[in-house]
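*Asks:* Output the structure for:
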Amino acid sequence: MNDQPNFSTWERETLDKFAQNAYTQIQAQQDALEQLRGDLRDAMNELRKYASASSINNKRLTPR
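*Replies:* Next up is the predicted model:
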């Protein structure tokens, strides 16, 4: 399967437009990925807080 474009046959203007669009899309994807990483980091921090609080509460309920 060889779906790769033959860039050597493209006109300069077409290559310029393609490169600009690709760059813009990559930047948008990187921004979205960075946002998702931040969201994951925040979620993991909240989960750790919850797990820690849960662990402390369970120890209080456990008879000795």
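*Asks:* Strands of this protein, residue ranges please.
*Replies:* Under the criterion DSSP state E, the chain contains no strands.
*Asks:* which stretches of it aren't confidently modelled?
*Replies:* Scanning the chain for pLDDT under 70 picks out 1, 56-64.
*Asks:* Could you rerun that using 80?
*Replies:* For the chain, applying pLDDT under 80 flags the ranges 1-2, 55-64.
*Asks:* where exactly do the helices run in it?
*Replies:* Using DSSP state H, the helices of the chain run over 12-61.
*Asks:* which residue is nearest the centroid of it?
*Replies:* In the chain, the residue lying closest to the centroid (CA atoms, centre = their mean) is residue 33, at 2.6 Å.
*Asks:* That one and residue 40: what is the separation?
*Replies:* Separation of residue 33 from residue 40 (CB to CB, to the nearest Å): 10 Å. In short, each C-beta sits where N, CA and C put it, glycine included.
*Asks:* Residues contacting stretch 8-28, please?
*Replies:* Residues from elsewhere that reach stretch 8-28, judged by CB atoms under 8 Å, 6 or more residues apart in numbering: residue 7.
*Asks:* now that stretch, how far from the chain's geometric center?
*Replies:* Centroid separation between stretch 8-28 and its chain, computed with CA atoms, centre = their mean, to the nearest Å, is 23 Å.
*Asks:* what about dumping the CA coordinates of it to CSV?
*Replies:* Extracted C-alpha coordinates of stretch 8-28, given in CSV (Å, rounded to 0.1, in the frame of the first residue of the first chain):
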residue,chain,number,x,y,z
SER,A,8,8.4,16.0,-6.3
THR,A,9,5.6,16.5,-8.8
TRP,A,10,3.7,19.2,-6.8
GLU,A,11,3.9,22.8,-7.7
ARG,A,12,5.6,25.1,-5.3
GLU,A,13,2.4,27.0,-4.4
THR,A,14,0.6,23.7,-3.7
LEU,A,15,3.5,22.5,-1.5
ASP,A,16,3.5,25.8,0.4
LYS,A,17,-0.3,25.5,1.1
PHE,A,18,0.1,21.8,2.1
ALA,A,19,2.9,22.6,4.5
GLN,A,20,1.1,25.5,6.1
ASN,A,21,-2.1,23.4,6.6
ALA,A,22,0.0,20.5,8.0
TYR,A,23,1.8,22.8,10.4
THR,A,24,-1.4,24.4,11.6
GLN,A,25,-2.9,21.0,12.2
ILE,A,26,0.1,19.8,14.1
GLN,A,27,0.1,22.9,16.3
ALA,A,28,-3.6,22.3,17.0
